[in-house]
Structures are given as C-alpha cells and as structure tokens.
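In: Structure of the sequence below:
(one chain, ligands or ions: 1)
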Amino acid sequence: MATNPIVSHLFTADPAARVFGDRLYVYTSHDEKDATYFDMFDWRLFSTADLATWQDHGSVFGLTGFAWAEKWAWAPDAVHANGRYYLFLPTDRARIGVAVGDSPTGPFRDAIGRPLLDKALMPEVGPEPIDPAVLLDDDGTAYLYFGCRFPKFVKLAPSLTELAGPVQDVALLDPQGNPVPVAAPEKQPALPMGYGEAPFLFKREGRYYFVYSNGWAKESTLVYAIGDSPTGPFTYQGEVMKHVPCVTHHGSVVAFRGKWYVVYHTSELSGGNMFRRAVCIDELTFDSSGRIIPVIATPSARTP
Ligand code: FUB
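Out: So this is what the prediction gives:
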C-alpha cells in the first residue's frame, strides 16, 4: 500500500470509501490550507485500483451546486442505485442535500433542488443533522443515518431522493442491554460508548455494523455497535481503531479485493491542526466471532 496519508497535496477529511466496479473510490470533504475552522466549500474524490496509486478526480461538487446552501461542506457519502450515483451532502450544520450523476466521478447536479432534510422544517432531525451515511441493504432498501450527538436514521424511498418513513432515533445499547445515553448538547459523550458523530453502516455475514465517533476527548476514536437489522438496536462492541492524532474522528469501513479497510483522517500532515486533516487507510481484520480487532493506525508522513 502507499504510505499514509493517501493524499498529501491538499487537506482532506471525512472519507466515505465505496467500491464501484473494480475501483475503490474515496469521497472526502476538503479542509482549506489556511483553515481556522471547518469552513469548507467542496467535496473531493480519489480512486485506486491497487491501493498503491491514487487518482485525483478533483472537486466533484461544491456548495455552489446547491442554490439553497450557504456554508460548511462537511462529510459526504455516496451510493450507487437505479443506475446512477447519489452523493449525500451536509451543509450549514442544518441540511442534507442529494446530488446525482451518471458516473462515480460525476458530473453531479442537485437531484431535487431543495434539501432532503432541513432542520428548519423538520425538528425531528435533531439539533445538528450532519454526517450522512447511506446503507443500501441486500433487498435494495436504503437507509440514511446522520446526526451529531443525537444519532438518527430514516428509510429512503427507492428514488433515494424522498423519505419513506419517519425520522427515528438510532437505539444504541451497552453490552448489558441498557440504552447508551445520548450526549448532552455541547458536551463530550461518556466514553467509550457515547455517541458523538460520524455514523457509518456496513453489513458483514448478515449483521449490521454501526460505526461512529465517540466524541472529541483525548481518548476518543471510532467505535462500533452491531445489530441484526438496519433499524437497530445496535449493541456496543468496542473500538474500530485506537485513537489517532486528531480532535475529530470520522471514517468508513470497506471490503476491497478480499480484504477489509478502515479509511479515516488524522491531523498529522499539518502537524496537529484540527482544521487541516488528511485521509489515511489501514487494513482492518475481524476475529472468528466477527469482532473488529482494533486497528493501530500506520503513522502519516508529516509536512517538513
Ligand atoms: O469535517 C467537519 C466535521 O468534522 C464532520 O462533519 C465531523 O464528522 C468531523 O469530522
């Protein structure tokens, strides 16, 4: 594999790794080189056939593509359905839009001309509907997960541009079966199980893995829970990976060419700046019962 980070000519974050055809695509958000906040304007795309050489597909969509969006182009996800490619994109810490295109690399356009979810119109989406992640189940049903501090999900219609049910809370349980309390607004969730942000769903051997960040403390990292259904409940299992040098933790888990990988970001490339992150990849393995063996990140090369 190439050395970490996979991209070092610009700052990238919040990777959503997806396999389309015979390539691994990583959709990212984009930290500005002089960033002092998560003031982000566009989404980038990189792909590889061999995990050694990465192709930069450039900026595949930006805030200007959504006439209704103002700022904060944060964590994306992508899904292939209906012969098209759909990007789920959060803006404004308040809305999630959908862009659609005919190829994984675009061009993409606003699919519906308005947000799919909008906090101003739908209080049930919670205080911060960010970090969309889509699970396309084996029967073709799509579920959208999202939320900071309050994990939410909603079933999508086959078009992927309409909702097919109510917005619901994701039920997270501790190993004894008790509900994991959601985080109090603006507070660090209780480690290690509390939900912070960055949901990501994948399915393996019939079970649904709900990956998420447990917050912004110095021990925080990506953790996961497992459920028997895409609608939960999900029971906490442990860490996906050990803490990496970054205040935020956001990643995705993907199978590619017979192995599993976790794709995530750290602040190492910028020497520790939390607003200037870089996307990395490491192999991930499971034990015989399907538990993730926590990944120890391969350190990133740093800027001189
Ligand atoms: O990139 C902006 C925000 O930082 C994301 O939405 C969070 O998941 C965190 O990575």
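In: what's the helix or strand where Pro90 lies packed up against?
Out: Here Pro90 sits within strand 84-91, counting by DSSP states H and E. Applying 3 or more C-beta pairs under 8 Å, 6 or more residues apart in numbering; DSSP states H and E, we find strand 84-91 packed against strand 54-62, strand 77-81, strand 95-101, strand 133-136. C-beta coordinates here come from the backbone N, C-alpha and C atoms, glycine included.
In: Partner strands of the second one, with direction?
Out: Paired neighbours of strand 77-81 in the sheet (DSSP bridges): strand 84-91 (antiparallel).
In: List the buried residues for the partner strand?
Out: Across strand 84-91, burial judged by 16 or more other C-beta atoms under 10 Å covers 85-91.
In: Among the residues you listed, list the two that are farthest apart in space.
Out: Using C-beta to C-beta, the pair of the buried residues of strand 84-91 lying farthest apart is Tyr85 and Thr91, separated by 19.0 Å.
In: Near Phe108, how many other residues are there?
Out: Around Phe108 there are 24 other residues, counting by other C-beta atoms under 10 Å.
In: check contacts around it.
Out: By C-beta atoms under 8 Å, 6 or more residues apart in numbering, the contact set of Phe108 is 60-61, 65, 85, 87, 99-101.
In: Tell me the spacing between it and the ligand.
Out: Phe108 is 19 Å from the ligand, where distance means C-beta to the nearest ligand atom, to the nearest Å.
In: who's that residue bridged to?
Out: If you apply DSSP bridges, the partners that Phe108 bridges to are Gly101.
In: For it, give its distance to Ile296.
Out: Per C-beta to C-beta, to the nearest Å, Phe108 is found 36 Å from Ile296.
In: and the two most separated of the contacts of Phe108?
Out: It's Gly65 and Tyr85 that sit farthest apart of the contacts of Phe108, by C-beta to C-beta, at 14.3 Å.
In: Let's have the contacts of Phe108 in CSV, adding pLDDT.
Out: CSV is the format used below for the contacts of Phe108 (pLDDT from 0 to 100):
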residue, pLDDT
Val60, 98
Phe61, 98
Gly65, 98
Tyr85, 98
Leu87, 99
Ala99, 98
Val100, 98
Gly101, 98
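In: By neighbours, which of those residues wins?
Out: With neighbours defined as other C-beta under 10 Å, the most crowded of the contacts of Phe108 is Leu87; it has 26 neighbours.
In: Who are the contact partners of that one?
Out: When contacts are counted by C-beta under 8 Å, 6+ apart, Leu87 touches 27, 43, 60-61, 76-78, 98-101, 108.
In: can you do 7 Å?
Out: Taking C-beta atoms under 7 Å, 6 or more residues apart in numbering, we find Leu87 in contact with 27, 43, 61, 76, 78, 98-99, 108.
In: same deal with Ala183?
Out: Counted by C-beta under 7 Å, 6+ apart, Ala183 has contacts 149, 189, 194-196.
In: ok, residues contacting stretch 35-55?
Out: Counting by C-beta under 7 Å, 6+ apart, 1-2, 6-7, 12, 22-32, 56-63, 71-74, 76, 87, 89, 105, 275-276 sit against stretch 35-55.
In: out of the residues you listed, which touch the ligand?
Out: Contacts with the ligand are made by 29, 74 out of the contacts of stretch 35-55, judged by C-beta under 6 Å from any ligand atom.
In: I'd like the distance between Tyr195 and Gln176.
Out: Counting by C-beta to C-beta, the gap from Tyr195 to Gln176 is 17 Å.
In: And the two? Which one has more around it.
Out: Shown here are Tyr195 and Gln176; by other C-beta under 10 Å, Tyr195 has more neighbours (27 against 7).
In: For that one, give me phi and psi.
Out: Here is the backbone geometry of Tyr195 (degrees, to the nearest 10): phi -90, psi 130.
In: Residue numbering should commence at 24 henceforth.
Out: That works, and once the first residue is 24, the last one we named lands at Tyr218.
In: Ignoring the adjacent residues along the chain, who's closest to it?
Out: Pro174 (5.0 Å; C-beta to C-beta, 6 or more residues apart in numbering).
In: Within range of the ligand, give me the residues from the stretch 74-223 of the chain.
Out: 97-98, 153-154, 220-221.
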